[in-house]
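Chemist: sequence below, structure please.
(one chain, ligands or ions: 1)
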Amino acid sequence: MSAERNKTEDDITAEVLQRFAETPDPRLRQIMLGLVKHLHAFVKEVELTEAEWFQAIEILTEAGRMCSDKRQEFILFSDTLGVSMVVDLLSHRKPDGATESTVFGPFHRLGAPELPTGGNIAQLDKTGTPTLVSGRVLDLDGNPIKGALLDVCQAQSNGLYDSQDAGLGGLHMRGKFRTDAEGCYLVRTVRPVNYPIPSDGPVGRMLRATGRHPWRPAHIHFVVSADGYEPVTTHIFDRTDEYLGSDAVFAVKDSLICDFVRHEGRESRGGEAERLGIDPPFLTAEFDFHLKPASERRATVLDAQQRLAALGAAD
Ligand SMILES: [Fe+2]
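Modeler: Prediction:
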């Protein structure tokens, strides 16, 4: 009979790992063992105090309470800790000619209206510079994809998303567009602006306490999907933005940076602007999306995003 001794923290870690060792699903087993191993190592490395542990529970509780159909504080934590972009890069490791992805962000909402070609997502935005974003959705061989869906959203020119703006009742700066037979799309909006991520919750307190700025470079969100292709969740960024090099959520990729060209005089009023009744000054930006054929593994990303948005809406 062995002599009795007090358990050490390493004994607890070993016991917990053993308790998960028989998990039937091999992937779940790998994830749980890795989680326990690294989580315990982290707690031991920083010698987490009981007060700090309680504070962490409070922070997570507060983050959960803030989540709704309009707000996702956990995604904001993931984004600002760089986890979202590490997962993104692991999932899209090889350059394959398809448009690069970036963070989903915490502001996606269900129910954006389907708009015709050239439809205006910024109808209530009276201060922004009118902007036409156009381009094509193509396969990897450059063939147009007809009927592709572009789910577009953007912050207003006051730097707020619709869900953050107390003066708004419903959806704004959101729309769904379909490509025509040539794969072309056309979105009317206003110039995107840089904006600080929401700082009224635990993520904001983390940024302040650690001396980090909350700014994101100006961008427009796109989720582009089509039958038979992998959907891509991405942004296009304004090349002139001062925060391109220090995005609070680490989401900038060079291939997603885009020129927003300013047109000043009446002579610069192009065919599309004229047809839509837009007077100068206005801007145009062009960006083509390239989709790769669907693979079973990643076809579920869009479903997962929809489930998450619906979970908030159910509250
Ligand atoms: Fe955004």
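Chemist: what residue is smack in the middle of the protein?
Modeler: Using Cα atoms, centre = their mean, the residue of the chain that lies closest to the mean C-alpha position is F104, 2.0 Å off.
Chemist: per-residue pLDDT, that residue?
Modeler: pLDDT, F104: 87.
Chemist: what sits closest to it if chain neighbours are left out?
Modeler: Leaving aside its chain neighbours, F104 sits nearest to T233 (5.2 Å; criterion: Cβ to Cβ, 6 or more residues apart in numbering). The way it works is simple: take the backbone N, C-alpha and C, and place the C-beta from them, glycine included.
Chemist: helix or strand for the one you found, which one?
Modeler: strand 232-238 (DSSP states H and E).
Chemist: my guess is the residue nearest to F104 contacts S101, does it?
Modeler: Yes - using Cβ atoms under 8 Å, T233 makes contact with S101 at a distance of 5.4 Å.
Chemist: tell me which of these two has more neighbours.
Modeler: S101 (24 against 20; other Cβ atoms under 10 Å).
Chemist: can you tell me which residues contact the residue nearest to the centre of the chain?
Modeler: The neighbours of F104, taking Cβ atoms under 8 Å, 6 or more residues apart in numbering as the test, are I75, S84, T233, Q305.
Chemist: okay, now the unreliable bits of the stretch 1-150 of the chain?
Modeler: Residue ranges of the stretch 1-150 of the chain with pLDDT under 70: 1-3, 94-95.
Chemist: and the helices in it, which stretches?
Modeler: With DSSP state H, counting those that start in this stretch as the criterion, the stretch 1-150 of the chain has helices at 9-20, 26-46, 50-66, 73-80, 83-91.
Chemist: where do the strands of the stretch 51-200 of the chain begin and end?
Modeler: With DSSP state E, counting those that start in this stretch as the criterion, the stretch 51-200 of the chain has strands at 130-139, 149-153, 174-178, 184-190, 195-196.
Chemist: quick check: closest non-adjacent residue to S225.
Modeler: In space, and not counting its chain neighbours, S225 is closest to P231: 3.7 Å by Cβ to Cβ, 6+ apart.
Chemist: about what we covered before: just want the angle from the strand holding T233 to strand 149-153.
Modeler: Going by axes from the mean of the first three to the mean of the last three Cα atoms, to 10 degrees, strand 232-238 is angled at 50 degrees with respect to strand 149-153.
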